[in-house]
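**Student:** sequence and computational prediction follow.
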Amino acid sequence: MKGLELSKAFYEEYGKPMLREKFAEVLPYMAMGLTGSGSECYGYDDEVSRDHDFEPGFCIFLPGEDVVDRRTAFLLERAYDGLPKEYMGIARGGIRPVGGARHGVFRTAEFFENKLGSPDGSLSVSQWLTIPEYALAEAVNGEIFEDVYGEVTKIRSAVSFYPEDIMKKKLAGHLLLMGQAGQYNYQRCIRHGETAAAQMAVYEFAKSAMAVIFLLNGTYQPYYKWGFRAMRELPLLSLLAPLLEYLITTDNSDELSEQKYQVMEGIASDVIEVLMKRGWTKAICGDLEKHAYSVNDQIQDAALRNMHVLAAV
């Protein structure tokens, strides 16, 4: 059983009855679910994942003290802690000294402040440009089982993905980095005999290519260790994942370097085709740098458009 399924089953069997029995008067102001840090919040957990932070548990979100007072929150914490210490043969653990609690009672504002730097999901342009993408992903992943009050759902909806201008700024920056690393610097490093530097160019190309692919899919990229796992499940350009794996797991010998360059050009062509179909670029060529600037030119907000093309990456 996956961690998210375990969490929901534990909530349905023990959490919900406890809340209805002991906290019926504040239940309309709560939200319950599983979201945040951890592979189980994405559905990526497996046997390896169970060596740490894997347990039956869920999150209870509360509005501010003007709605649910401090004493009630304390009693909720006590009641949550009093739920069975084991479920389906899996023990519940205490709060870890590193990483903090992933389950239990949270103030909604504090949870989103921690993830986004904003208690209510309202973000400035500067925040949109600088918040780590994995943090945005952690704010909207998993599942909210119940949310009668609607506060958590409203915030998650507000930050479900980048506003279009922000998305295009990020897209432009990553397209430029793809072109610099894969279409320009890789072959120059090979000609200089700098095979290690060439591989660093490959890494930069692959990293930016993945960022572009997630942006084109309208989905936040999770923390890097789950990047390939998540990419293989995307509806658009997921077939490029094995090619990117090939690029970063092979050497740069004479036999392979030309082939790797051609693979990067092929990936660039696939990305450009999507950009052109969507009308996000007016450039007619295979040069990613030109497409980067063309995407940037389509940003509606003048101040954002006039920022450096790499301002969002």
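**Tutor:** Yes, it's here.
**Student:** please make it C-alpha for all contacts and neighbour counts, starting now.
**Tutor:** Will do.
**Student:** which stretches in the stretch 201-313 of the chain count as strands?
**Tutor:** Counting by DSSP state E, counting those that start in this stretch, the stretch 201-313 of the chain has no strands to list.
**Student:** quick one, helices of it?
**Tutor:** If DSSP state H, counting those that start in this stretch is used as the criterion, the helices of the stretch 201-313 of the chain fall at 227-231, 241-249, 254-278, 288-297, 302-306.
**Student:** looking at these, which is buried most?
**Tutor:** For the helices of the stretch 201-313 of the chain, average neighbour numbers computed from mean count of other C-alpha atoms under 10 Å are highest in helix 288-297, which has a mean of 22.
**Student:** what angle separates that one from helix 254-278?
**Tutor:** 30 degrees (axes from the mean of the first three to the mean of the last three C-alpha atoms, to 10 degrees).
**Student:** can I get the helices of the stretch 201-313 of the chain in JSON lines including mean pLDDT?
**Tutor:** Rendered in JSON lines, the data for those read as follows (pLDDT from 0 to 100):
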{"stretch": "helix 227-231", "mean pLDDT": "97"}
{"stretch": "helix 241-249", "mean pLDDT": "98"}
{"stretch": "helix 254-278", "mean pLDDT": "97"}
{"stretch": "helix 288-297", "mean pLDDT": "98"}
{"stretch": "helix 302-306", "mean pLDDT": "98"}
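**Student:** TSV for these, including distance to Gln183?
**Tutor:** Conversion of these to TSV gives the following (distance: least, C-alpha to C-alpha, whole Å):
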stretch	distance to Gln183
helix 227-231	22
helix 241-249	14
helix 254-278	7
helix 288-297	8
helix 302-306	25
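**Student:** nearest to Lys154 among the ones you listed would be which one?
**Tutor:** When these are ranked by distance to Lys154, counting by C-alpha to C-alpha, first place goes to helix 227-231 at 24.7 Å.
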